[in-house]
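Q: build me a model:
(chains A and B)
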2 protein chains.
Amino acid sequence: MNDRAWGVFAPVLTPFRRDLSPDPERLVRLCRWILGQGANLVPFGTTSEANSLGADERVSLLERLVAAGLDPARMLPGTGCCSITETVALTAHAVKIGCAGVLMLPPFYYKDVNDEGLYRHYAKVIEGVGDPRLRLYLYHIPPIAQVGISVGLIQRLLRDYPQTVVGLKDSSGDWSNTQAVLDATRGADFRVLPGSEAFLLRGLRAGAAGCITAGANVNPGPIQAVLERWQTPEADALQAGIDKVRGVISNYPLMAALKEILAEGRKDPEWRTLRPPLVELTREQAKALLEALDAVGFRLADDREH
Amino acid sequence: MNDRAWGVFAPVLTPFRRDLSPDPERLVRLCRWILGQGANLVPFGTTSEANSLGADERVSLLERLVAAGLDPARMLPGTGCCSITETVALTAHAVKIGCAGVLMLPPFYYKDVNDEGLYRHYAKVIEGVGDPRLRLYLYHIPPIAQVGISVGLIQRLLRDYPQTVVGLKDSSGDWSNTQAVLDATRGADFRVLPGSEAFLLRGLRAGAAGCITAGANVNPGPIQAVLERWQTPEADALQAGIDKVRGVISNYPLMAALKEILAEGRKDPEWRTLRPPLVELTREQAKALLEALDAVGFRLADDREH
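A: You can find the predicted model right below:
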């Protein structure tokens, strides 16, 4: 497989009301807008504050998305928890509801675990779900999870579960790791998805399948355009355009910055709400962020237009 | 308060069957043996593989312990999850069932969070539980959780919730941090509990209230003896005795080593089972561990004797 230009995915932001309860209606609206721009959805990624949601809240929100008519075949929900029990429950639910696959963190509490332990975890989850429809994307994000997924672990899982383990999101931020995974999985049915649009064009040229990126919450159209036109002469210019926007956002705490952009674009201050332990931008940060985005020609989108 | 010699607590190991389901009967037996040695219980600590259990499994196991007649007034269950939602649910359950208090990790997925975000998390949990009976012990374990609890955060919580925030387990392994917390909370109703018996006598002399230590799963009697006789002439010799045992165990992966000791002492090989991502000791490690313990005069206990 290794099919290029497979997709851009947004780990979609989770809106909270002032009382910190999730707001399914604003979530549906954001998802519909992202899908309308051509990108796809990862509900419950890191950017979604998924790990600040309980398992029941994730199940309930996913059901609301599907009930609202959004296509689960365009979703890869995050389902990786610290326990096998909860990971199996969330994964089985996602498969049952028709999702294209799941994005699965390794268990991230215990540190200094070895590949044998991580292999057993994933194997137990796959066997616990016990559904041939499961398509599992491994989630490598060592800067946050601390526990990472080595090339050796990928190869062992791919060997033993070739129909199930079909890809990896690489949020290492380290191109040499992405390249090593591409090299190790070449020829296999395995999709490599960098965790930032900064690596989108470079990834596509090297054999990656697209990207899963926080930036697609606010800039999905231009990111999707790179995916669709990566083999055209304007590809580098398109990539340079999305790099500028990402470059600005990267100077701020990511989730808070993205929520600030949504709040401002939609004239909807509630979008600024994050669940602790994350905090919103200060007024000074917000002002500087919006000015810097304006300076690079970024237009705040409003999903109420759609 | 700062009452010394308040207690030794074992973050009690969770037994799993070969199919990785928790085994409440063996857990009750271990708990009863530890209580019989004079120590107390922290069900669902780090050593308990709590973060490899689902929230439902924790609720169910705690109910089994209490139903078996074990005194919840001698328990401080771990209830800290990444989400406010699940932390509130587990904490409210522990309070309702009569536990002396809870030991609460900070939310540990997102890194580089600030004290404002952690303060808001704990405040929301306390308000969400909304029960004046709640006694909350903060859990500082930066080597594993990565997210730590600063002295400034302790002081702010203690100022705003003086009836509720009543202590801290310090698993930093850094005596200077324990000393700083003792200094900052002197005069307040606040119990400081080092996370290893290695700091028990030193802690008691400096104003700590006891300790919460993995070692109390296998060596509770001698650790409890240090607590009870810390002001007697033999205190240093007693501390030296428990240091020798801890020194041996510390050379191996902690949870795997403790389960090996239980399995061997109880002639119950199922005790060796850990949930992934943790793995059991190799045969060579197990042999070396048991020989080294024998060399320091450690006697394997058998809870079937009780």
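Q: what about the strands in the stretch 201-306 of chain A?
A: A:210-212 (DSSP state E, counting those that start in this stretch).
Q: so what pLDDT did A:Lys124 get?
A: For A:Lys124, the model assigns a pLDDT of 98.
Q: ok, it touching B:Asp19?
A: No: using Cβ atoms under 8 Å as the test, A:Lys124 is too far from B:Asp19 to be in contact (9.8 Å). The C-beta positions use only the backbone N, C-alpha and C, and glycine is treated the same way.
Q: if you count surrounding residues, which of those two has more?
A: Neighbours per residue, other Cβ atoms under 10 Å in any protein chain shown: of A:Lys124 and B:Asp19, the larger number sits with A:Lys124, 18 against 7.
Q: the more buried one: what's its closest spatial neighbour, skipping adjacent residues?
A: In space, and not counting its chain neighbours, A:Lys124 is closest to A:Ile84: 5.1 Å by Cβ to Cβ, 6 or more residues apart in numbering or on different chains.
Q: any idea how far A:Lys287 is from that neighbour?
A: When distance is defined by Cβ to Cβ, to the nearest Å, A:Ile84 is 46 Å away from A:Lys287.
Q: who touches the nearest residue to A:Gly195 once chain neighbours are set aside in this structure?
A: Once flanking residues are discounted, A:Gly195 sits nearest to A:Ser171: 3.0 Å by Cβ to Cβ, 6+ apart. Counting by Cβ atoms under 8 Å, 6 or more residues apart in numbering or on different chains, A:Ser171 touches A:Thr46, A:Tyr139, A:His140, A:Ile141, A:Pro142, A:Pro143, A:Ile144, A:Pro194, A:Gly195, A:Ser196.
Q: I'd guess the first one is in a strand, am I close?
A: The one in question is A:Thr46. No: per DSSP: H, G, I helix; E, B strand; the rest coil, A:Thr46 lies outside any strand segment and is coil.
Q: pretty sure A:Pro24 contacts A:Leu61?
A: Yes: at 6.0 Å, A:Pro24 and A:Leu61 qualify as touching, with contact defined as Cβ under 8 Å.
Q: which of those two has more neighbours?
A: A:Leu61 (21 against 17).
Q: wait, the more buried one sits on A:Pro22?
A: Yes: assessed by Cβ under 8 Å, A:Leu61 is found in contact with A:Pro22 at 5.8 Å.
Q: you'd agree A:Leu193 is in a strand?
A: Yes: judged by three-state DSSP, A:Leu193 forms part of a strand.
Q: what pLDDT is listed against it?
A: 98.
Q: what's across from it in the sheet?
A: Beta-bridge pairing of A:Leu193 under DSSP bridges involves A:Lys169.
Q: rewinding a little: so for A:Ile84 and A:Lys287, which residue has more residues nearby?
A: Applying other Cβ under 10 Å to A:Ile84 and A:Lys287 shows that A:Ile84 carries more neighbours, namely 24 against 12.
Q: in contact with the more buried one, which residues are there?
A: Under the criterion of Cβ under 8 Å, 6+ apart, the neighbours of A:Ile84 are A:Pro107, A:His121, A:Lys124, A:Val125, A:Gly128, B:Leu20, B:Ser52, B:Arg275, B:Pro276.
Q: tell me the one of those residues nearest A:Thr164?
A: If you rank those by distance to A:Thr164 using Cβ to Cβ, A:Val125 comes first, at 9.9 Å.
Q: can you classify the closest one by secondary structure?
A: With three-state DSSP as the basis, A:Val125 sits in helix.
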